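[1] Kindly generate the corresponding structure for this input.
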Amino acid sequence: MKKNVLIVGLGGIGYRHFQAVLKCKSDVVLYAVDISLEAIEKAKKYKIESGYEKEVLFYDDVRKIQNKYFDVTIIATSSKIRRNIFEQILNNNTLRYVILEKVLFNDLSDYKIVEEMIKKNNITVYVNCSGRQNLDYQKLRETLINAKYYKFIYRGSDWGLACNSIHKIDIIAFLTNYEGKDVKLDGHLLEDKIYESKRQGYKEFYGCFTGIMGKNIEFIFECNHGNAPCILDIYTDKEFYSIREGDKIIICDESGSREEPFELEYISNTSTTVVDNLLNNKKVFLTTYEESINYHIPMLEIFIEAQKRITGEDKNICDIT
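    Predicted coordinates:
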């Protein structure tokens, strides 16, 4: 029996999800939605040229899809409209598994509202912080499991501090097996300027912020202007690791120093595994919504505070995506 998969948003990351689902081994009918006819035409062209034989139905408005049961739903829209899109789908259809892109929402009030909708409708929702699906990070997690304390430093230029920090916070929680709610961030070292994001209508920040999780995990994120490479350094009581994703990891321990490859895995591949596993009731490593909001909310709060400091506007919304 064919399974129904829904993707809303075919631009950017949504297009990568679309490519991934076409490669699934499971027999699916794919419902693909975007308000942009250009995005739809691009997806149609890819399906034809790739030769994948999945049945795909295209829509320019999610409200045109009614009374369907979706085994997996992927919402890859921008953050400003994500809550409304989720609500529209849920009002007209039945959902089993949902994958939300990040940053989840711009408005602090949306987090609780969506959490209540999830519980009311008994849906399992994941957030696509896909680093957890990376085999090299999974391997590193096993190595780090017995450490007594951890310090992470992620630094580089133009890597999207507001847009991508949630990925870094999430991978730290994954590597340290942290599942608590005691996440505290300090953004007083963020630059006193708000920049236009590469994504139209959204904002970006530069500078530095720090954080702690529980009693034995601390981290520093730094985003500068320029062309410095992005490096994640990890200090524990036993070893030191330095990671350049897509290149290598340097490991220093009591036996000396060595280098190993460190692969960068793309959504167009990782989502294939995730969707197939969900359709077959197998384990996925993505973060649950309930866990992810423990990281999202403190992060959004420091950018809101920086925004208030810079603009003088007192609002609980910050347009990051």
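[2] now the strands for the stretch 51-200 of the chain?
    When assigned using DSSP state E, counting those that start in this stretch, the strands of the stretch 51-200 of the chain occupy the ranges 55-59, 69-75, 94-100, 124-127, 150-157, 183-186, 195-196.
[3] Now that we have the ones you listed, can you turn them into CSV and tack on mean neighbour count and mean pLDDT?
    Backbone N, C-alpha and C define where each C-beta goes, glycine included. Putting the strands of the stretch 51-200 of the chain into CSV (neighbours: other C-beta atoms under 10 Å; pLDDT from 0 to 100) gives the following:
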stretch, mean neighbour count, mean pLDDT
strand 55-59, 15, 98
strand 69-75, 22, 98
strand 94-100, 21, 98
strand 124-127, 21, 98
strand 150-157, 18, 98
strand 183-186, 17, 98
strand 195-196, 12, 96
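[4] What are the boundaries of the helices in this protein?
    Counting by DSSP state H, the segments of the chain that form helices are 13-22, 37-50, 79-92, 108-121, 135-144, 161-175, 267-279, 289-311.
[5] quick one: the fourth one to chain centroid distance?
    I take that to be helix 108-121. Computed by C-alpha atoms, centre = their mean, to the nearest Å, the separation of helix 108-121 from the middle of its chain amounts to 18 Å.
[6] Could you figure out how far that helix is turned away from strand 94-100?
    With axes from the mean of the first three to the mean of the last three C-alpha atoms, to 10 degrees as the basis, helix 108-121 and strand 94-100 are set at 150 degrees to each other.
[7] which residues sit against helix 108-121?
    Applying C-beta atoms under 8 Å, 6 or more residues apart in numbering, the contact partners of helix 108-121 are 83, 86-87, 90, 95, 104-105, 125, 289-290, 293, 296-297, 300-301, 304, 316-317.
[8] What residues sit buried inside that helix?
    Judged by neighbour count using 16 or more other C-beta atoms under 10 Å, the buried positions of helix 108-121 are 108, 110-111, 114, 117-118.
[9] hmm, back to that, can you list the strands of the stretch 51-200 of the chain in a markdown table and add distance to Ile166?
    Output for the strands of the stretch 51-200 of the chain, formatted as a markdown table (distance: least, C-beta to C-beta, whole Å):
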| stretch | distance to Ile166 |
| --- | --- |
| strand 55-59 | 29 |
| strand 69-75 | 16 |
| strand 94-100 | 11 |
| strand 124-127 | 8 |
| strand 150-157 | 12 |
| strand 183-186 | 11 |
| strand 195-196 | 18 |
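[10] Could you say which one of those comes nearest to Lys308?
    Checking those against Lys308 by C-beta to C-beta gives strand 183-186 as the closest, at 15.3 Å.
[11] Start and end of stretch 223-236, how far apart?
    End-to-end span of stretch 223-236 (C-alpha to C-alpha, to the nearest Å): 23 Å.
[12] in this structure, what residue sits furthest out from the centroid?
    Of all residues in the chain, the one whose C-alpha sits farthest from the chain's mean C-alpha position, using C-alpha atoms, centre = their mean, is Ser255 at 35.5 Å.
[13] For that one, give me the pLDDT.
    Reading off the per-residue confidence, Ser255 sits at a pLDDT of 89.
[14] ok, it to Tyr137 distance?
    Using C-beta to C-beta, to the nearest Å, one obtains 22 Å as the distance from Ser255 to Tyr137.
[15] Same check on Val5?
    Summarising the geometry, the distance separating Val5 from Tyr137, computed by C-beta to C-beta, is 26 Å.
[16] Name the residue in these two with the higher neighbour count.
    Counting neighbours by other C-beta atoms under 10 Å for Val5 and for Tyr137 shows that Val5 has the greater number, 25 against 21.
[17] isn't that one right next to Val29, touching?
    Yes. Contact criterion C-beta atoms under 8 Å: Val5 and Val29 qualify, at 7.2 Å.
[18] Could you tell me how many residues sit around Gly12?
    The criterion is other C-beta under 10 Å. On that basis, Gly12 has 14 neighbouring residues.
[19] quick one: contacts for it?
    Neighbour list for Gly12: Ala76 [criterion: C-beta under 8 Å, 6+ apart].
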